[in-house]
Structures are given as structure tokens and as C-alpha cells.
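S.K.: this one's sequence-less:
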């Protein structure tokens, strides 16, 4: 019986993995766009690789295809998680969501290629062990460094924003999150601060997006409780107190459109008065 060479087995394994990865990416895309079936999609992503990989490995004529069919999904689960840890959050880029399925394809191709190569008759046990150690090392390093990688991606995204960066410099308030929000009408930066058990939000938008008067009027129009009205403050600022007590202050500060949400007018004005220029690093690295 003709023996399949290790590099041929690896190539066939990569093809098998590419198909499996494409199926995983498709399931992920469907689940991410339909919250109602997100849990079912996640379960399918765990189940599909084993039977699909086994079928394809058998049809591809992989040596010891049963071993490759089990080892491939096992490696894929860890490699895919490691690769996704290196990818920026979708809100930080303009990359189409479909592109975020690529790590699944790459992880499956690499994992099934390695599994098919290891299951073939050529490689020695020291070589198989070295390959397994290399994959494990990559996974550990990627997962251990995902926090630093995420901070790096966010810092780059904040630096690229067309928004003057500001931060609250007021004792007792701790920055807990900085979220880039991309909507059809533009991008904004939401800064969340904690004071005791209460959360406060400062929203920054590009100065070209309008005036404080326009944004206050928009929120006045969208208010859930009728009767709210914008009131002018010194310095071109406006305050809006809604019927449920929620208070929003609108201002232009250093070229940015600022919206401050507080529990009272005094607090909103105090927060707005203590906004200072900030660096991308200080807003990205919260830890």
C-alpha cells in the first residue's frame, strides 16, 4: 500500500481545515448577526468540526484519518481562541464583519494540517512533540498577552479618531471603560466613570458633527418623558433635565462636542468643568 508523505498529508489536512474553518466562520457570522440564535450558533461551532472534519479527512485519504479527525478539532479550539485574542474589536476598525471570520479559517487550516502531518507515518515522535509544544506555546503566549494586545489596538484606534480626546480629572471618579461606538451617522467615544455605586457617562463627538444646541434639541425630541426642555447656560452650553431626573449637559470643549450625563445639574456642570486633554494611552490602558 502506498504511503502518503507527511507534506502531502499536511497539505490535504490544510484543505480539510479550510473547509471546516469556512463552515465555522459562516456559523459565527450567522450567530453574531442574529442574537436570538447566538447560543445555538455557539453550540453548533463546538459540534460541527468533529463530524465534518472526520468526513472530509476520510474522503481526502488522510493516513490515520481518525486520529487527525480528533486531533484537528482539539487543536482548532485553542488556536482559534488564540488568534481571536490578537484581533481588534470590531468597533475599533472599519473592517467588514465578514473579515472577522478569517481567524477561524486560518486556525482550522493550521490545526488540521498539523494534525494530519502528525498522524502520518513519516515524522518522528520528537518532531511531533516539538510541533505540539510550539502550538501550545503560541496559544499560551497569545492568551496571556491578549490584554496588552487589546490595549494596543484601542490606543491605535483612539489615535486615529477625528475627536479631541478629553478625560475627567476629578477626585472620586474612576474611568472604567472607553468605548468607540460606530453608527451610520458617525463615530463617538463613550467614557464611563464610576463614583461609588453610580455610573456617569461622558460622550465625545467630532466638532464637525453639529452644535451643542442641535444635539440638545435632538435629545429633547427623543426624550421618553415629555416636558423636557433645553436651557441655555453661560459659555454656549445647554442643560436638559428630563422628567425622570436624568440630566444631560451639552457643550463644545477644545473642538469636541461633549455630552455629560449626571444625576443632577450641579454634578453635570462639575464634571464638564473638570474635563482635561487626554492621551490615547491613558484612555486605552484602564488597568
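M.R.: All right, it came through fine. Note that the structure is a prediction, hence the values are computed from the model and not measured.
S.K.: Pull out the buried positions in the lowest-mean-pLDDT helix or strand in the chain.
M.R.: In the chain, the helix or strand scored least confidently by mean pLDDT, DSSP states H and E is helix 212-222, which has a mean of 84. Neighbour counts over helix 212-222 (16 or more other C-beta atoms under 10 Å) mark 212, 215-217, 219-220 as buried. C-betas here are computed from N, CA, C, even on glycine.
S.K.: just checking, what packs against that helix?
M.R.: In terms of contacts (3 or more C-beta pairs under 8 Å, 6 or more residues apart in numbering; DSSP states H and E), helix 212-222 is packed against strand 230-233, strand 237-241, strand 247-253, strand 256-262.
S.K.: from the chain's centre, how far out does the helix or strand in which residue 117 is found sit?
M.R.: Following DSSP states H and E, one finds residue 117 within helix 102-119. Remark: helix 102-119 is offset 24 Å from the chain centroid, using C-alpha atoms, centre = their mean, to the nearest Å.
S.K.: tell me which residues in it are buried?
M.R.: For helix 102-119, a neighbour-count test (16+ other C-beta under 10 Å) marks 103-119 as buried.
S.K.: Check stretch 80-94 too.
M.R.: Judged by neighbour count using 16+ other C-beta under 10 Å, the buried positions of stretch 80-94 are 80, 82-83, 85, 87-88, 92-93.
S.K.: average pLDDT for that stretch?
M.R.: The predicted model gives stretch 80-94 an average pLDDT of 92.
S.K.: for the chain, which residue is closest to the average position?
M.R.: Closest residue to the average C-alpha location of the chain: residue 89 at 2.4 Å, with C-alpha atoms, centre = their mean.
S.K.: Compute the distance between it and residue 39, please.
M.R.: Per C-beta to C-beta, to the nearest Å, residue 89 is found 21 Å from residue 39.
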